[in-house]
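>>> Predicted model follows, preceded by the sequence.
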Amino acid sequence: KKIFIILITIGALFAISFLVSKIGPTTQEKIENKIAVIPLKGTITVEGGSADFLGSGGASSTRIIELIHEAENDESVKGIIFEINSPGGGVVASEEITNAIKETNKPTIAWIREVGASGAYWIASATDAIVADPLSITGSIGVLSSYLEFGGLLDKYNVTYERLVSGNYKDTGTPFRDLKEDERTILQRKLDIVHDYFISDVAENRDMNKEKVQELATGMFYLGSEAQELGLVDYLGGKDKAIDVIKELTGLEEVELVSYQERRSIFDLLQRVSAF
């Protein structure tokens, strides 16, 4: 019975793959004033998080940047909307996407739907304008590097951590022993450096005074309505507002939204059949 279900699933996937390959390009060729919509959903990492059977997962900076370049090189694309629903993620991954947006010559806007916080807000700050739902979660300009420490638990069960290192700080941050005070100072200093970089870039992107951004960079998140009052967001609204803003930036009266997202092949999907 399981084999029968798998065979039916494979057949359906081949049919879907065939239809998508036939319909997708033909539809897009007829569009003149395209606005690329690039989704940025889930945790931001360099290579993307784990995906389920349908391919949904985190936001990969590698793939997002590829989509940005694809939209940039398509002459029929007049602007880019980044549809954001992400709590943030890796520092390097967020910075990579931010820099790619800065290098884009076409108008860009960030459309924060439910969440656009931390690294996701950093990315949004690099666009020409930010549209956010009044009740969305934005901001949270801060850096996190906390972890669980199991030293006390190991002592309780008489488990010993044998420390063998070739450098005094090689096992800094291991969860199997207490963090030493000098190690804590070193790690905090590195977090402060990243935090300052984050603050400086947001201030530059948003054309805000660095001291003002620093006051807001407590790690606290703000509702979209609060973020607008603080200068972190330009407009309040949803999809319609995002379309109005991109029309204004591109000078176009009519636009056609085209979804730019990772296209998974039939073979990528088949790899997950065994999970059933």
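Nice, I can see it. Numbering: from 1, shown residues only.
>>> And stretch 115-135, end to end?
9 Å (CA to CA, to the nearest Å).
>>> Next, the buried residues of it.
Using 16 or more other CB atoms under 10 Å as the test for burial, stretch 115-135 gives 115-133. (Glycine included, C-beta is placed from N, CA and C.)
>>> what residue ranges in the protein score low on pLDDT?
Along the chain, the parts satisfying pLDDT under 70 run over 1-31, 48-57, 147, 262-276.
>>> Show me the residue sitting in the middle of it in space.
residue 44 (4.0 Å; CA atoms, centre = their mean).
>>> Please list all residues in contact with the residue lying closest to it once chain neighbours are set aside.
Of all residues not flanking residue 44 in the chain, residue 89 sits nearest, at 3.0 Å (CB to CB, 6 or more residues apart in numbering). Residue 89 makes contacts with 43, 44, 45, 58, 59, 118, 119, 120, as judged by CB atoms under 8 Å, 6 or more residues apart in numbering.
>>> Give me the subset of these lying in strands.
Secondary structure from DSSP state E places 44, 45, 59 of the contacts of residue 89 in strands.
>>> With distance to residue 141 added, can I get the contacts of residue 89 in TSV?
Below are the contacts of residue 89 laid out as TSV (distance: CB to CB, whole Å):
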residue	distance to residue 141
43	17
44	15
45	19
58	21
59	19
118	7
119	10
120	11
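>>> Phi first, then psi, for the residue lying farthest from the centre of the chain.
Distance to the chain centre peaks in the chain at residue 158, reaching 42.6 Å (criterion: CA atoms, centre = their mean). Per-residue torsions, residue 158: phi 60, psi 40 (degrees, to the nearest 10).
>>> Ok, residue 210 next?
phi -60, psi -40.
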